[in-house]
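Visitor: Quick one: sequence and predicted model below, then my questions.
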Amino acid sequence: MWLSIDFRDVSRTFDSAVAHGDHERHDFVELIGDWHAMRRLRLTLYYQREHVASPLNGQSFNADVLITSTTWEF
């Protein structure tokens, strides 16, 4: 079994006429798991969550991605 976890939390402050003194925040989590279930069978799971809170118009969003796969090795 193989597992990877990545977590990032980034904040920044704007120093411009558009968003002076405002803050933007990015939260990011990524999980990847790979399990060698049997001799030739692998199961993989990928999950990503990203949240952006921005004072700029149209720049805030939430995203969740989940991917599962099965692999048969020859």
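Guide: Okay, I see it.
Visitor: distance between stretch 51-64 and the chain's centre?
Guide: Taking Cα atoms, centre = their mean, to the nearest Å, the mean C-alpha location of stretch 51-64 is offset from the chain mean by 14 Å.
Visitor: Dump the C-alpha coordinates for that stretch into CSV.
Guide: Only the C-alpha atoms of stretch 51-64 are listed here, as CSV (Å, rounded to 0.1, in the frame of the first residue of the first chain):
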residue,chain,number,x,y,z
HIS,A,51,-11.1,26.3,-1.4
VAL,A,52,-10.3,29.9,-2.4
ALA,A,53,-11.8,32.9,-0.6
SER,A,54,-10.8,36.1,-2.5
PRO,A,55,-12.0,39.7,-2.3
LEU,A,56,-11.7,40.0,-6.1
ASN,A,57,-14.8,39.4,-8.2
GLY,A,58,-15.1,36.0,-9.7
GLN,A,59,-12.0,34.6,-7.9
SER,A,60,-13.6,32.6,-5.1
PHE,A,61,-14.5,29.0,-5.6
ASN,A,62,-14.7,25.5,-4.1
ALA,A,63,-13.7,22.4,-5.9
ASP,A,64,-13.8,18.7,-4.9
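Visitor: Low-confidence regions, the protein specifically.
Guide: Residues of the chain meeting the criterion pLDDT under 70: 16-21.
Visitor: Strands of that one, start to end?
Guide: In the chain, the strands defined using DSSP state E lie at 2-13, 23-36, 41-53, 61-72.
Visitor: Using a markdown table, lay out those together with mean neighbour count.
Guide: C-beta coordinates here come from the backbone N, C-alpha and C atoms, glycine included. Formatted as a markdown table, the strands of the chain follow (neighbours: other Cβ atoms under 10 Å):
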| stretch | mean neighbour count |
| --- | --- |
| strand 2-13 | 10 |
| strand 23-36 | 14 |
| strand 41-53 | 15 |
| strand 61-72 | 10 |
